[in-house]
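>>> My questions concern the predicted model and sequence given below.
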Amino acid sequence: MDEEAVKEEHCVAMLTDNEETCWGCGLRIILPSHAHIFKCLWCGAITNRNHSLRKPDSACFSRWRLIRDRSFVAIVVLFILFVLCAGVWAVHPIIFSRSYFWGMFHCIVTSILAICTTSSFCLAAFSSPGAPLKISWGSYSLVAKDVLDNYTFCEFCKKPKPPRAHHCRSCRMCVLDMDHHCPFIANCVGAGNHRSFIAFLISIVTSCIYIFMMTTFTAYHVWPHVDYRNVAFLGSKNVNSGRILKEIIATFASSIMLLSARGFVLVYLAFASVAVESGLSVLLWQQLHYVYEGNTYLNHINSTGVNGDKGCHNLLRFFGCPYSAFRFVLGPAGAAKSLESESLKLL
């Protein structure tokens, strides 16, 4: 009798050790084993014991992130202002001296690119990246069945986190469809400002292409005359071609010393535009590729797709194109199928 009582008490102790409380609805869950991750069958909330071991960042680390982001934003703003001011000072007089019509055309194009770049930067930097909606949790009386399906608990925010959200330690919040945290805008790129961020990249790349074209054209007209007749052996057939090339480069380099301040500014703008365009073109292509796949950068790293299907309809939906654009790109059948699948996801 004593032995059976000991066995019964041992079984009760095992059940008690495997009992867990769901953070979503507050109901007690009896686990068959010591599982680290389990899901509530009522509300659908997912509990991860390993995440409870995470500690919030220290105040010093958070302050360093804030200083870093503000420094990058200051660099971006100063660079944009420098390009605008230097372009007006170095390019506009040369263009107007060549033709008044092309000078006015250049002013209009410059104004449009400047407004697009500045507005898209402000929208991406100062708009909310996409905070999750507030939802009731923690009590069985407040939580209906499957309301918290695939929700996890954020140990930093102490709130429920939707399945398509990630916590950003720099912004100190959970972000829906978070792509990444960009220090150059001091903000996360998520569902709320992803479109503005890509519009900013497109405007920057377009502006850099236009800057390179105009600075190259202007520098050609202000560059000092290079007299290659000083290379005495240029027409000789017995001279090594490598030596001729060195003499040509030396003659061309000597003309650089005769450049005015406007010429040096034009050369700097040309090289800076090429450097910025090269880096941001890769980033823009990567962003558009993830949108085409219906994915984000973080979900790509975690190997968890969002939509599960890729195609041009993801790009059209992302940029908010009308139904006529769907019909033109995908055809009537493809447009109807895309809109039907989107409505099913919303349900």
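Received it, and whenever you're ready, just let me know what you need. The structure presented is a predicted model; accordingly, all values stated were derived computationally and were not measured.

>>> and residue 179, what does it touch?
188, 189, 190, 194, 197, 287, 290, 296, 297, 298 (CB atoms under 8 Å, 6 or more residues apart in numbering). (C-beta placed from N, C-alpha, C; glycine too.)

>>> Go again with 10 Å.
129, 166, 188-191, 193-194, 197-198, 287, 290-291, 295-300 (CB atoms under 10 Å, 6 or more residues apart in numbering).

>>> Can you read off the backbone torsions of it?
Per-residue torsions, residue 179: phi -90, psi -50 (degrees, to the nearest 10).

>>> How much space separates it from residue 311?
19 Å (CB to CB, to the nearest Å).

>>> for residue 167, same thing?
In terms of CB to CB, residue 167 sits 30 Å off from residue 311.

>>> cool, and residue 111?
Distance of residue 111 to residue 311, computed by CB to CB: 37 Å.

>>> cool, residue 295 as well?
12 Å.

>>> So between those two, which is more surrounded?
The residue with more neighbours, out of residue 295 and residue 311 and counting by other CB atoms under 10 Å, is residue 295; that gives 21 against 16.

>>> could you measure the more buried one against residue 39, distance?
For residue 295 relative to residue 39 (CB to CB), the value is 24 Å.

>>> Check residue 204 too.
With CB to CB as the criterion, residue 204 and residue 39 are 44 Å apart.

>>> repeat for residue 317
30 Å.

>>> likewise residue 193?
Distance of residue 193 to residue 39, computed by CB to CB: 32 Å.

>>> And those two? Which one has more around it.
Shown here are residue 193 and residue 39; by other CB under 10 Å, residue 193 has more neighbours (26 against 19).

>>> Can you show me the strands along the stretch 101-250 of the chain?
In the stretch 101-250 of the chain, strands defined by DSSP state E, counting those that start in this stretch lie at 152-154, 159-161, 165-168, 173-176, 180-182, 187-189, listed in chain order.

>>> can you redo the ones you listed as CSV with mean pLDDT?
Formatted as CSV, the strands of the stretch 101-250 of the chain follow (pLDDT from 0 to 100):
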stretch, mean pLDDT
strand 152-154, 90
strand 159-161, 91
strand 165-168, 89
strand 173-176, 92
strand 180-182, 91
strand 187-189, 93
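
>>> so which of these comes closest to residue 115?
strand 187-189 (20.5 Å; CB to CB).

>>> Once you drop chain neighbours, what's closest to residue 218?
residue 94 (4.6 Å; CB to CB, 6 or more residues apart in numbering).

>>> Just give me the neighbour total for that neighbour.
19.

>>> Next: residue 178.
Neighbour count of residue 178, defined by other CB under 10 Å: 25.
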